[in-house]
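Participant: How does the following fold in three dimensions:
(one chain, ligands or ions: 1)
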Amino acid sequence: MVIFGTMLLRKPKAPKGGYQQTRDVDDVPPGEGDVLVEERPTTTLERPESAMGRLARLRGRLSKSNNVLGKGLLALLTRERIDQDVWDEIEDTLLMADLGTDASLELVENLQKRVRIEGTQDPAHVKAMLREELLKLVDPTMDRSINSVGAPGKPAVVLVVGVNGVGKTTTVGKLARVLVAEDKDVLLGAADTFRAAAADQLETWGARVGVATVRSEQEGADPASVAFDAVQAGVDQESDVVLIDTAGRLQNKAGLMDQLGKIKRVVTKAAEVDEVLLVIDATTGQNGMTQAKVFAEAVNITGIVLTKLDGTAKGGIVVAIQRALGVPVKLIGLGEGPDDLAPFDAEQFVDALLD
Ligand SMILES: Nc1nc2c(ncn2[C@@H]2O[C@H](COP(=O)(O)OP(=O)(O)OP(=O)(O)O)[C@@H](O)[C@H]2O)c(=O)[nH]1
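Facilitator: Now for the predicted structure:
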């Protein structure tokens with residue numbers, strides 16, 4: 001709610017000065033968390049772009065970097081003679097786009113069958129055939145909606161996880177804008193307490209669209225504690241959605257499991273976690289795949305956000321990552337602009353590869 005350009009928000013409950021690093025939130029009964037909801041006066045609030053049509057606007061960026069794949073495949077498939085060398089080249093093209101071995105082999109086999117039966121004389125037909133086969137791999141049947149409706153009387157809780165530098169904080173900021181554009185009442189939780197700047201960054205994102213951030217003033221505070229306070233504040237304020245940014249700076253799998261497990265366990269005392277989004281940088285290829293698998297073992301991932309798809313020809317990672325985790329890509333990042341995060345749409349994605 002905006003009154004004279006200033007957000008009207010719940011004041012900090014108590015005490016000021018953040019949390020003790022040693023505090024174990026598991027011991028703190030729900031309701032007693034120290035909530036510090038930052039106020040930030042804003043003169044003019046931005047009006048974020050609605051989610052619909054974003055991908056259409058950003059499609060050019062996707063095409064620019066990724067149609068190397070589509071164009072390359074089309075050129076190969078419309079050659080006068082398609083011998084084993086050509087099929088090998090097709091497979092290499094798919095592997096280079098990070099489609100992964102299984103999906104690449106499957107696509108080559110399916111195309112081989114169809115070329116044998118249907119022929120490749122007509123380029124329009126070849127394109128339609130390739131479109132169909134690519135679409136099958138991307139899987140248009142998966143539910144890609146963000147779960148932004150909580151249990152009755154509770155906000156939807158969305159945890160955003162991933163290693164540092166992949167674009168997590170940026171994604172939380174951009175996702176808040178998507179939700180604000182849908183008239184949702186959003187609250188942010190800065191549970192990335194390893195880097196003080198991350199909380200500032202998040203707060204700035206929120207303030208631009210009138211969304212408050214729950215944070216700790218103390219660097220290194222317990223992330224689970226901050227996450228809990230954010231969700232409890234969301235319950236108290238009757239927010240629609242609480243988005244929680246987490247830290248990715250973790251040394252090993254055991255530490256990651258510990259931290260994410262604790263965040264989830266503690267948050268659940270206030271409200272169920274409805275969505276766990278794993279953010280992966282699309283430019284990191286195999287590294288991103290490895291990260292994805294580690295995170296999937298630590299926490300139940302419900303959706304993937306692929307960032308930086310604007311800067312890579314490796315869009316095939318959409319398929320590889322969905323296959324590896326059995327979880328849909330729900331959002332894609334196509335630039336550094338505030339509204340450069342789009343809902344993923346299988347058909348539009350494949351069309352952008354082929355145009
Ligand atoms: N080109 C491009 N850049 C992006 C995209 N998403 C994020 N970035 C950039 O990636 C950089 C890192 O983003 P952050 O949001 O700070 O990453 P983070 O994962 O939160 O990092 P830590 O807070 O250090 O854990 C920033 O410069 C962003 O602008 C995208 O979709 N496309």
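Participant: Next, the contact list for the residue in the chain that the ligand sits nearest to, please.
Facilitator: Closest contact between the chain and the ligand, by CB to the nearest ligand atom, is at residue 333 (2.4 Å). For every residue, glycine as well, the C-beta is placed using N, CA and C. Counting by CB atoms under 8 Å, 6 or more residues apart in numbering, residue 333 touches 167, 170-171, 174, 305-310, 340-341.
Participant: switch to 10 Å and redo it
Facilitator: If you count contacts by CB atoms under 10 Å, 6 or more residues apart in numbering, residue 333 has them with 58, 166-167, 170-171, 174, 279-282, 305-311, 340-342.
Participant: Quick check: which of these are also close to the ligand?
Facilitator: Restricting the contacts of residue 333 to those near the ligand by CB under 6 Å from any ligand atom leaves 166-167, 170, 307-308, 310-311, 340.
Participant: Could you work out the end-to-end span of stretch 201-214 for me?
Facilitator: End-to-end distance of stretch 201-214: 13 Å, with CA to CA, to the nearest Å as the criterion.
Participant: What helix or strand is the nearest residue to residue 110 once chain neighbours are set aside located in?
Facilitator: Closest residue to residue 110 apart from its sequence neighbours, by CB to CB, 6 or more residues apart in numbering: residue 133 at 5.2 Å. Using DSSP states H and E, residue 133 sits in helix 123-138.
Participant: Relative to the whole chain's centre, how far out is that helix?
Facilitator: Offset of helix 123-138 from its chain centre (CA atoms, centre = their mean, to the nearest Å): 27 Å.
Participant: Over to stretch 136-154?
Facilitator: Distance of stretch 136-154 from its chain centroid, counting by CA atoms, centre = their mean, is 13 Å.
Participant: The residue nearest the centre of the chain in helix, strand or coil?
Facilitator: Geometric centre of the chain, nearest residue: residue 305, 2.3 Å, by CA atoms, centre = their mean. Here residue 305 is recorded as strand under DSSP: H, G, I helix; E, B strand; the rest coil.
Participant: repeat for residue 99
Facilitator: Quick answer, by three-state DSSP: residue 99 is coil.
Participant: Show only the entries of the ones next to the ligand among the contacts of residue 333 found in helices.
Facilitator: residue 170 (DSSP state H).
Participant: Between the ones next to the ligand among the contacts of residue 333, identify the one with the most neighbours.
Facilitator: Using other CB atoms under 10 Å as the neighbour criterion, residue 307 leads those with 28 neighbours.
Participant: ok, that one - contacts?
Facilitator: Residue 307 neighbours (CB under 10 Å, 6+ apart): 162, 166-168, 170-171, 174, 279-284, 288, 331-336, 340-341.
Participant: now residue 252
Facilitator: Contacts for residue 252 were tallied using CB under 10 Å, 6+ apart; they are 258, 294.
Participant: my guess is residue 229 meets residue 193, correct?
Facilitator: No. Using CB atoms under 10 Å, residue 229 is not in contact with residue 193, being 11.6 Å away.
Participant: When the two are compared, which one has more neighbours?
Facilitator: Under the neighbour definition other CB under 10 Å, residue 229 and residue 193 were set side by side, and residue 229 has more, 30 against 26.
Participant: What is the host helix or strand of the more buried one packed up against?
Facilitator: Using DSSP H and E, the element containing residue 229 is helix 223-236. The contact analysis (3 or more CB pairs under 10 Å, 6 or more residues apart in numbering; DSSP states H and E) places helix 223-236 against strand 37-38, strand 156-161, strand 186-191, strand 212-214, strand 241-246, helix 253-267.
Participant: can we see that at 6 Å?
Facilitator: If you count contacts as 3 or more CB pairs under 6 Å, 6 or more residues apart in numbering; DSSP states H and E, helix 223-236 packs onto strand 186-191, strand 212-214, strand 241-246, helix 253-267.
Participant: What about contact with the ligand: does that helix have any residue there?
Facilitator: No. On the criterion CB under 6 Å from any ligand atom, helix 223-236 is out of touch with the ligand, staying 11.9 Å away.
Participant: I'd like the average pLDDT over stretch 293-301.
Facilitator: The average pLDDT within stretch 293-301 is 90.
Participant: now stretch 113-126
Facilitator: Per-residue pLDDT values over stretch 113-126 give a mean of 86.
Participant: Ok, stretch 308-328 next?
Facilitator: Across stretch 308-328, pLDDT averages out at 91.
Participant: Stretch 216-230 now?
Facilitator: pLDDT averaged over stretch 216-230 gives 91.
Participant: got it, and stretch 197-213?
Facilitator: The average pLDDT for stretch 197-213 rounds to 94.
Participant: can you give me how far stretch 154-165 is from the chain middle?
Facilitator: 9 Å.
Participant: contacting residues around it?
Facilitator: The contact list for stretch 154-165 (CB atoms under 6 Å, 6 or more residues apart in numbering) reads 148-150, 168, 172, 231, 234, 239-246, 248-249, 271, 273-279, 291, 295.
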